[in-house]
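> Got a predicted structure plus its sequence, pasted below:
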Amino acid sequence: MALIFATAPVPLMLIKPFDPRNALIPAFFLRCFARLLGLRWKVRGLENVDNSRGAVVLLNHQSSLDLYGE
C-alpha cells in the first residue's frame, strides 16, 4: 500500500519538478484514503506547540505493527 502512495503521484510531480507544492499531491490522496478508512489522528502534546512558529512533526514507529495499534 505504501508503495502505491509513494509512486502514484510521481507523474503529476514531474510536471513541475522541484516545486514545494508537489508535497500537497500525496498529502491530498492520503487524506482522502484516511477518510475512506475512517482513520483519526491522536495528537499528544499539542499544547506545547507555538502556533506563531514553524514545527517539525516526528512519528516514531518501532515496527510496522505500530501502525495498527494505538
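Perfect, I can see it now. Residues are numbered from 1 along each chain as shown.
> count of neighbours near Phe29?
For Phe29, the count of nearby residues is 15 (other C-beta atoms under 10 Å). C-betas here are computed from N, CA, C, even on glycine.
> That one is in contact with Thr7, isn't it?
No. When contacts are counted by C-beta atoms under 8 Å, Phe29 is not listed as touching Thr7 (11.4 Å).
> give me the low-pLDDT residue ranges for the chain?
Residues of the chain meeting the criterion pLDDT under 70: 1-2, 61-70.
> Buried residues in the longest helix belonging to it, which are they?
Taking DSSP state H as the criterion, the chain has its longest helix at helix 24-37. Using 16 or more other C-beta atoms under 10 Å as the test for burial, helix 24-37 gives 25-26.
> Spatially central residue for the protein, please.
Ala27 (5.5 Å; C-alpha atoms, centre = their mean).
> State the distance from that residue to Glu47.
Counting by C-beta to C-beta, to the nearest Å, the gap from Ala27 to Glu47 is 25 Å.
> With Val10 instead?
If you measure Val10 against Glu47 using C-beta to C-beta, the figure is 38 Å.
> who has more neighbours, the two?
More crowded of Val10 and Glu47, by other C-beta under 10 Å: Val10, with 11 against 5.
> Quick check on that one: phi, psi?
When read as degrees, to the nearest 10, the backbone of Val10 gives phi -60, psi -50.
> what about it, distance to Leu24?
Taken as C-beta to C-beta, the span from Val10 to Leu24 is 14 Å.
> Which other helices and strands does the longest helix of the chain contact?
Contacts defined by 3 or more C-beta pairs under 8 Å, 6 or more residues apart in numbering; DSSP states H and E place helix 24-37 against helix 2-7.
> I'd like to know which elements the helix it packs on is packed against.
So helix 2-7, by 3+ C-beta pairs under 8 Å, 6+ apart, packs with helix 24-37.
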